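Participant: Build me a model from this:
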Amino acid sequence: MASTAPVRPLAVVMAAVAVAGVAAGAIMETGFPAPFGQWLFILGCTALPALGLLVALRRPDNVYGWLLLVTADCLGLGALGVGILLRVSADQRAMTILGVLLASLFVVFYGLSWIFVPLFFPDGRLPSRGWRVGAWIAVAAMAVHWLGLLLGHNRLYGIFPTGNPLGLEGEAGLYATALMTTGGQAAVMLTALTVLVSLVRRWLRGSPDERRPLRWVIAGLVATLSGFVLMEVFGGGGQETALYVSLLLVMAALPAAIAAAVVRHNLLDIRVGIRGSRFFLVFDLRPTVDELLTELGPELEEADPAEQLGRLARAVRAGLEIRWAAVVLPDGTRLVAGEESGQAVLTVPAGLGHIACGPKTAGRFTAEDRRQLGALAVPVGLAIQSAALAARLVDAGEAERRRIERNIHDGAQQQLVALMAGLELARATGGTPETLALLREQARQTLADLRELAAGIHPSVLSQGGLAEAIEERCSRLPVTTTVTADPGLRTRRFPDQVEGALYFTVSEALANALKHASASRIEVRLAHTAGRLQATVKDDGKGFDPAATGRRGLGPLADRLSALGGGLDLSSAPGEGTRLRAWVPAPG
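Facilitator: Got it, this is the predicted structure:
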C-alpha cells in the first residue's frame, strides 16, 4: 500500500476548501448571523467532504476517496460562486465573471454525484468494461451542460442574479441555450437514471454480501434525484421549508447513504464500534496491513520464527475481527490465536503453509476482508519459510555435532587409547628404541588426525589468513590438479566470520563431491567480490550428473546456511559435462 504521508496535506486542503466554500457562500447569501436553516444546510453539505477525507486518508490508493473530494470541492466552490453573485453588482465585471465560473461548477457537482459517485462505489472502478463508453458519454454530457450554462443567452436562461457576462447574444446564444444547456442537462439526467437502473440490476443479480451495501447507494441516489426534482418544483414557489428539505436531499442524501454502507458493512477498512460503556459510540478504523505490521515490527524482530508466527496469527485475528485464526505449517503444526472451534470459514495459502480463519465476531467476510487477508498472507508465508529454514539449520547443526562425535570416537579417541596402551607396555618392558619410535609415530598420526578434525570444524588458517588463503591451503592437499584464482584485494580483505565460514565449507563440500562422485581430473575455484556480493565458483571436468535425480549431494544444510545469511547457491551439471557450483553471500564493499 502506498504511503499516506505525501497525500495527507492534499486531502485535508481539498476537504477544507469544500467546507469553507459552502460556509462562505451560505453566509454571503443570508448574512451573519445566518438563520438556523442555513446552518443546517452547511452541516448537511459537510457530509461529502468529511467522507471523502476519511476514505482518502484511509485508502489513498483508492480513487474513490479523491472522487468524493473533487465532488465536494465542486459543491463548495459552486456555493461560493453563488454567494459572490448575490453580493456583487453588475458593474463589477471581474467579480461577476469569477462568480459565474465558480457557480457553474454546480453542473460538475451534479454530474459527479449523480453518475460517477454511485457508479464507482466502493472500490473506485467501473462495474464492468461495458461502462467505459457510458462514462465517456457522461463526461461529454457534463461538458456540454457546463459550456451551455456559461455561454447560454442570459435572457433565455437567466439563473445568474447579475446577468451572465460570458453569455452569447443572438442566434449563437439561442443555440447555446437550447443545445448545450437543455440538451446537456437532459443527457446528464438520463445517464443518471441509467446508472440507477444499473445499480438495481447489480443489486438483483449480486451475492448477499454485494447486495447489502448496494441498497444504501440505491436509496441515496433515489433520494438525491428526488430532491433535485423537488428543488425545481419549489425553487420559485416561496415554500422555504420544502426548499431546504430538497436542498438537503440533493447535497447530503447520497453521502450519508454511502457513509452508512461503508461503516455498516466494514468497507474500505472503516467501521463503527462500541467501546467502554454501551452508550458510548465511537467511530473507529480497522487497522490496515501496514499499520498492523508496523505495530508488530519491533516484536517480530526480537522474536524467534515460532513466536513470529504466533504473533502474526493474533494480528490476523485482530485485523479481521474473527473468533480464531490459525497459521498452519507444512507438517500440520498449527499456531492458533483464540479458541479454535469448528471448521475454518476462510482459508488462504501462505508460502509453504496456509492461514485458516474461523467465523467473524459479527457479520460475514467481505471483499475487503479477503483483500486484507491476502496481504497478510505474504509476511505469514515469509515467517513460515524462516521457521522451516531455522528448523533445517538446527537439524544440520545436530547432524554436524553427531558427525564430529563419531569422528572423535572412531578416530582420535581409538588412537589415543592405543597410544596409552603402548606407553603402558613400554613402561612395563623397559621400552626398546623400536617401540618408542612406533609410539612417536602413533602420536604424530593422532596429532595430524586431530588437526584435520579441527580443520573440519573451523580451520585455523581461515581465522588467521582469510578466505582466499584457507581455500588455497585446502586445495593444495588435493590429489588432482586444482587452480584457485581470486580478485585483487581479496587476499588482504577480511569479511565476517560467518560469511567466510559459509563459503569455505561450501567450497570444501564441492571439492569433496568432485573427488568422491565426479572422478574429476581438474578443478577450478574462482573467488570474486562484485556488486556487493562475495562469490565462490567451483567447476570440475568430472562425469557430471542429473541434479533433479540426485539432489545437491550434501549441500542442503550449506544452502540453508547461505540462505540464512541472505545468500544462495546455484548448481548446474549434466551427465558427461562436469559440474559447476556457484555460492554467494551479501558483502557490501
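Participant: Look at the closest residue to residue 114 other than its chain neighbours and give its secondary structure.
Facilitator: Spatially, and ignoring its direct neighbours in sequence, residue 114 is nearest to residue 192 (3.7 Å; C-beta to C-beta, 6 or more residues apart in numbering). C-betas here are computed from N, CA, C, even on glycine. Under DSSP: H, G, I helix; E, B strand; the rest coil, the three-state class of residue 192 is helix.
Participant: Check residue 356 too.
Facilitator: Under three-state DSSP, residue 356 falls in the strand class.
Participant: The spatially closest residue to residue 83 that is not a sequence neighbour sits in which helix or strand?
Facilitator: Using C-beta to C-beta, 6+ apart and skipping the chain neighbours, the partner closest in space to residue 83 is residue 28 (3.1 Å). Per DSSP states H and E: residue 28 is located in helix 8-30.
Participant: what comes into contact with that helix?
Facilitator: Contacts to helix 8-30, defined as C-beta atoms under 8 Å, 6 or more residues apart in numbering, come from residues 34, 38, 41-42, 45-46, 48-50, 52-53, 56-57, 60, 65-66, 69-70, 72-73, 75-84, 86-87.
Participant: so how many other residues sit close to residue 50?
Facilitator: 17 (other C-beta atoms under 10 Å).
Participant: which residues does it contact?
Facilitator: residue 15 are the contacts of residue 50 under C-beta under 8 Å, 6+ apart.
Participant: On the C-terminal side of the helix or strand harbouring it, identify the next helix or strand.
Facilitator: Taking DSSP H and E as the criterion, residue 50 maps to helix 47-58. Toward the C-terminus, helix 47-58 is succeeded by helix 63-87 as the next helix or strand (DSSP H and E).
Participant: State the three-state secondary structure for the closest residue to residue 249 other than its chain neighbours.
Facilitator: Using C-beta to C-beta, 6+ apart and skipping residues adjacent in sequence, the residue nearest residue 249 is residue 227, 2.6 Å away. Following three-state DSSP, residue 227 is assigned to helix.
Participant: Let me know the pLDDT of residue 227.
Facilitator: Per-residue pLDDT puts residue 227 at 87.
Participant: My guess is it contacts residue 248. True?
Facilitator: Yes: with contacts defined as C-beta atoms under 8 Å, residue 227 counts as touching residue 248 at a distance of 7.3 Å.
Participant: you'd agree residue 69 is up against residue 51?
Facilitator: No: contact between residue 69 and residue 51 fails when scored by C-beta under 8 Å: they sit 9.2 Å apart.
Participant: which neighbours do these two share?
Facilitator: Going by C-beta under 8 Å, 6+ apart, no residue sits against residue 69 while also sitting against residue 51.
Participant: Please, where are all the helices along the stretch 401-550 of the chain?
Facilitator: If DSSP state H, counting those that start in this stretch is used as the criterion, the helices of the stretch 401-550 of the chain fall at 413-429, 433-457, 460-465, 467-476, 497-516, 547-550.
Participant: ok so, going back, which residues sit in contact with the residue nearest to residue 249?
Facilitator: Contacts here follow C-beta under 8 Å, 6+ apart; on that basis residue 227 touches 245, 246, 247, 248, 249, 250, 253.
Participant: How many neighbouring residues does the closest residue to the fourth one other than its chain neighbours have?
Facilitator: For residue 248, ignoring the flanking residues on the chain, the nearest one in space by C-beta to C-beta, 6+ apart is residue 44 at 4.6 Å. Around residue 44 there are 20 other residues, counting by other C-beta under 10 Å.
Participant: ditto for the one 10 residues further on
Facilitator: By the criterion of other C-beta under 10 Å, residue 54 has 21 neighbours.
Participant: Roughly how far does it sit from residue 253?
Facilitator: Separation of residue 54 from residue 253 (C-beta to C-beta, to the nearest Å): 18 Å.
Participant: Check residue 561 too.
Facilitator: According to C-beta to C-beta, residue 561 and residue 253 sit 65 Å apart.
Participant: To which secondary structure element is residue 89 assigned?
Facilitator: Going by DSSP H and E, residue 89 is not in any helix or strand.
Participant: what number of residues lie near it?
Facilitator: 9.
Participant: Ok, residue 330 next?
Facilitator: 13.
Participant: Which of the three states applies to it?
Facilitator: coil.
Participant: Quick check: phi and psi on the residue nearest to it when sequence neighbours are not counted?
Facilitator: In space, and not counting its chain neighbours, residue 330 is closest to residue 352: 4.7 Å by C-beta to C-beta, 6+ apart. Note on residue 352: its backbone torsions stand at phi -80, psi -10 [degrees, to the nearest 10].
Participant: gap between residue 352 and residue 534?
Facilitator: 29 Å.
Participant: For those two, indicate the residue with more neighbours.
Facilitator: The residue with more neighbours, out of residue 352 and residue 534, is residue 534; 26 against 14, by other C-beta under 10 Å.
Participant: residue contacts, that one?
Facilitator: Residue 534 touches 467, 495, 499, 503, 527, 528, 584, 585, 586, 587, counting by C-beta under 8 Å, 6+ apart.
Participant: State the distance from the fourth one to residue 325.
Facilitator: When distance is defined by C-beta to C-beta, residue 503 is 41 Å away from residue 325.
Participant: Likewise for the third one?
Facilitator: Residue 499 sits 38 Å away from residue 325, taking C-beta to C-beta as the criterion.
Participant: who has more neighbours, these two?
Facilitator: residue 325 (28 against 19).
Participant: right, and residue 77 touches residue 101 too?
Facilitator: No: proximity of residue 77 to residue 101 does not meet the contact threshold set by C-beta under 8 Å, at 9.0 Å.
Participant: Many thanks, I have nothing further to ask.
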